[in-house]
Structure formats: C-alpha cells, structure tokens
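Participant: I would like the atomic coordinates for the input below:
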Amino acid sequence: MLLSNTKLGIFMKKGSTLFLKVVICLIAIGALAGMIWFPQTEGRAANLDLISIYTDPFIIYIYIASTPFFVGLYQAFKLLNFIDGSYAFSQGAVNTLRNMKFASLSLIGFIALALFYIRFFAQGDDPAGPTALGILASFAAAVIATASAVFQKLLQNAVDLKSENDLTV
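Facilitator: Residues are numbered from 1 along each chain as shown. Purely as a prediction, here's the structure:
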C-alpha cells in the first residue's frame, strides 16, 4: 500500500527524530556502561575489591561530574519531543536549549577542576593523556554550548515574533 504525501512527510519527520532519540539513548547507555566498567580496569584498581574501587574520591567525583552530561542528553531528548509534538517554536523549546547550554558549561567546569587535580595533585601519573582527553571533551562541550546559545537566541526571536503575530490576528 502506498503512503500519501502527508503520511510520508509525517513518517519521515517522526523517523528522523526517532533515529536521533535512539542515538541519544545509545550514547547514554554507552557512557553509563563505560562509567561502570572502566574503574575496574584502571591500573591502580587492579588489586582492589569492588567496594574500594567505587569509594575512590576521584571516581566519586567523576560520577558526580557526569550529571551535567546526562542532563544535557535528557534535554536533547526533550527537545526532540517538542519537535515531534510540533512545539518546536515554543517557550519550552527555548528553555530546553538554555538548560542544554548550562549543562554543557557545567560539564566544562567539572572537567577543568578534574584536570587541575590531575595536573597538580596526582603523584606518579603522567598527566598528558588525561589532559588531552579533557581538553578534547571540553572543546566538544564548548561547541554544544555555543550552538545551544545561538539556537536559543534564534528560537527566542522566533517565539517573540510568533507571539506578536498571534496578538495582531
């Protein structure tokens, strides 16, 4: 059975946002699996039991610092739901972009504090690798924060224009 043009358009729109939602979920699952698995394979944790591994202050800090990452993923998922519901030009979408921007900036702050600790207080470790990874992750978060800020401003202007047009009609 052939789909009509309107049904095909709706399917394509829902299909692309569905694909992005699946990608966001896979990123979240991968990050969570890495956070659970990596501390067990890390060098200084080779001879420790599970309780000692997960009570390391730096590992606890990493878990706390991952909160803005998962908040940002949730906000991206929420934005896709706004797009699916045809509420892309709403104040809720603008607030979601603002929250994504703040989550990205918070993640940069947590990464900077972790790099500061690794650079100056971690004894016996070579800080070059973690520093390079931290800079790369901070750059990615800065790109997301910048894009969110630009889209937030554009969308806020569109929402304001839409509200003005709704009042004049």
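Participant: how about the helices in this protein?
Facilitator: Counting by DSSP state H, the chain has these helices, from start to end: 5-41, 50-54, 57-65, 67-84, 91-120, 128-168.
Participant: Make TSV from the ones you listed and add mean pLDDT to it.
Facilitator: Output for those, formatted as TSV (pLDDT from 0 to 100):
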stretch	mean pLDDT
helix 5-41	82
helix 50-54	78
helix 57-65	88
helix 67-84	95
helix 91-120	94
helix 128-168	91
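Participant: and those as TSV, adding mean neighbour count?
Facilitator: C-beta: built from backbone N, CA, C; applies to glycine. Shown next, in TSV, are the helices of the chain (neighbours: other Cβ atoms under 10 Å):
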stretch	mean neighbour count
helix 5-41	12
helix 50-54	12
helix 57-65	13
helix 67-84	18
helix 91-120	18
helix 128-168	14
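Participant: distance between stretch 36-51 and the chain's centre?
Facilitator: Relative to its chain's centre, stretch 36-51 lies at 26 Å (Cα atoms, centre = their mean, to the nearest Å).
Participant: what's the straight distance from one end of that stretch to the other?
Facilitator: 13 Å (Cα to Cα, to the nearest Å).
Participant: again, but for stretch 39-54
Facilitator: Span of stretch 39-54 from end to end, Cα to Cα: 7 Å.
Participant: Much appreciated, bye for now.
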